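Colleague: mind folding the following:
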Amino acid sequence: MRRILLGALLAGLALIPGAARAQAAGDEAAVRRAALDYIEGFYEGDAAKLTRSIRPDVRKFGFHRNAQAAAWQGEPMSFQEMIEYAERVKASGRGAPQGAPKEVQILDVQDQTAAAKVVAWWGTDYLQLAKYDGRWMILHVLWQSPPPAK
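Modeller: So this is what the prediction gives:
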């Protein structure tokens, strides 16, 4: 009887790494989907994608330079401002430029937190995500426009 129980226990333990890998792959896919919803929400003017992927208590801050400015300028953006931006894009009918980049690089995925880098037409964003009730959501964004050509 002990051998049977020990065999069953060992067989069960052998399945755990596979289950953990499957969970990790599922989490990575969900983090990627949240990052894509973020980019596509801005590109397409789709407020539903932004709402699905971004926490209402998000903190977003970015650095940009315009053609006349020598120094970088900082700019915060609230959740509501993100939604309003998407609504303006949709109302104007002008989405992202043709061939605009939409790259997602997953930097790290743990049980509860994750990090990703996205490259879009406006520059590079670093996303910090957290899992809330089983759903990956963007909590922090730090971005910058492309550096000047050298």
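Colleague: can you pull the contacts of the spatially most central residue of the chain?
Modeller: The centre of the chain sits closest to residue 35, judged by CA atoms, centre = their mean, with a distance of 2.8 Å. Shown in contact with residue 35 (CB atoms under 8 Å, 6 or more residues apart in numbering): 53, 104, 106, 116, 118, 127, 129, 138. For every residue, glycine as well, the C-beta is placed using N, CA and C.
Colleague: which of the residues you listed sit farthest apart?
Modeller: Using CB to CB, the pair of the contacts of residue 35 lying farthest apart is 53 and 106, separated by 14.4 Å.
Colleague: the two - which one has more neighbours?
Modeller: Each of residue 53 and residue 106 has its neighbours counted (other CB atoms under 10 Å); residue 53 has more, 24 against 17.
Colleague: distance of the residue nearest to the centre of the chain relative to residue 71?
Modeller: Distance, residue 35 to residue 71, using CB to CB, to the nearest Å: 29 Å.
Colleague: what segments of this protein are helices?
Modeller: Counting by DSSP state H, the segments of the chain that form helices are 2-44, 47-53, 79-92.
Colleague: from the contact counts, what lies against the shortest one?
Modeller: Using 3 or more CB pairs under 8 Å, 6 or more residues apart in numbering; DSSP states H and E as the contact test, the elements touching helix 47-53 are helix 2-44, helix 79-92.
Colleague: recalculate using a threshold of 10 Å.
Modeller: If contacts are counted by 3 or more CB pairs under 10 Å, 6 or more residues apart in numbering; DSSP states H and E, helix 47-53 sits against helix 2-44, helix 79-92, strand 135-144.
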